[in-house]
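[1] I'd like to go over a predicted model; first the sequence, then the structure.
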Amino acid sequence: MRKFGLIGYPLGHSFSKKYFTDKFSNEKLHDCSYENYPINNLELLPGLVSSEPGLEGLNVTIPYKSEVIRLLNRIDDEAARVGAVNVVKIKRIEGRVSLHGYNSDITGICDTLIPLLRPGMKSALVLGTGGSSKAVCFVLKNIGINYTLVSRHRKPGCIAYSDLDGEIMKSHHLIINTTPLGMYPDVEGRPELDYDMINENHILFDLIYNPELTTFLRMGQERGAAVMNGLKMLKRQAEKSWEIWNDADR
């Protein structure tokens, strides 16, 4: 049996298990399975890999996308530039295990974000500074969009939510939420924006897919903004993960 899975903590919000279980069933891949591995300490990863000899690949989610890099034997150049990994390919050769890291979020974000953009859109606010934020910033830089990082606390290279005045909101028409705020079951959570400064000129993209319309998206939509959740992105990054796991040259 070929085994795949997801590591992170907690995993109650996981999209991946259902997606891959349905995929394996629909495509009659009866020798494949996908499981959640909710590990509350990344030091448990080597033991997990050793205890599951059929495990060939893992997806990585909050809070380990950056931290997992130190446990890898090799990292793809693009993932290294991003500074985050969400796909691990497990190679077993003559009893030795080698972990190789990749980032499929880049593909998912690119394929979702680019069709949303309007002509002349040059500036974005990126809410959050975790592993997903790093992939978003990498994509924005590659497509020529300037970005400003926003977090709860001001720090080098990052402003605070309290710094978001009318001028900043007016000049940054793309707002991307990379935080877990608003994710099920805490569906009332939302980034601390002044939503009355959002209007029909804005596009709000939320990496969360559950619920489909987060409070962040709903409040933007009520003020005329175009909105998009993370479902398409997750499907694309999942398919890219599958491609990586099955590519003999990687």
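    Structure received.

[2] residue ranges for the strands of the chain, please.
    2-8, 32-38, 55-60, 74-75, 87-93, 96-102, 123-127, 146-151, 158-160, 174-177, 203-206, 226-228 (DSSP state E).

[3] helices or strands up against the last one?
    It stands for strand 226-228. strand 203-206, helix 215-221 (3 or more CB pairs under 8 Å, 6 or more residues apart in numbering; DSSP states H and E). C-beta: built from backbone N, CA, C; applies to glycine.

[4] out of these, deepest packed?
    Of all the helices and strands packed on strand 226-228, strand 203-206 has the most neighbours on average by mean count of other CB atoms under 10 Å, namely a mean of 26.

[5] For it, give the mean pLDDT please.
    Mean pLDDT, computed over strand 203-206, is 98.

[6] Which strands or helices does it pack on?
    Short answer (3+ CB pairs under 8 Å, 6+ apart): strand 203-206 packs on strand 174-177, helix 215-221, strand 226-228.

[7] CSV for the strands of the chain, including distance to residue 49?
    Listed next are those as CSV, based on distance: least, CB to CB, whole Å:
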stretch, distance to residue 49
strand 2-8, 10
strand 32-38, 10
strand 55-60, 6
strand 74-75, 15
strand 87-93, 6
strand 96-102, 6
strand 123-127, 32
strand 146-151, 33
strand 158-160, 34
strand 174-177, 32
strand 203-206, 32
strand 226-228, 35
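
[8] can you list the helices and strands packed on strand 203-206 in TSV and add distance to residue 87 and mean pLDDT?
    As requested, the helices and strands packed on strand 203-206 are arranged in TSV below (distance: least, CB to CB, whole Å; pLDDT from 0 to 100):
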stretch	distance to residue 87	mean pLDDT
strand 174-177	21	98
helix 215-221	27	98
strand 226-228	23	98
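
[9] Now render these as TSV, adding distance to residue 20.
    Below are those laid out as TSV (distance: least, CB to CB, whole Å):
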stretch	distance to residue 20
strand 174-177	25
helix 215-221	26
strand 226-228	23
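
[10] That'll do, ta.
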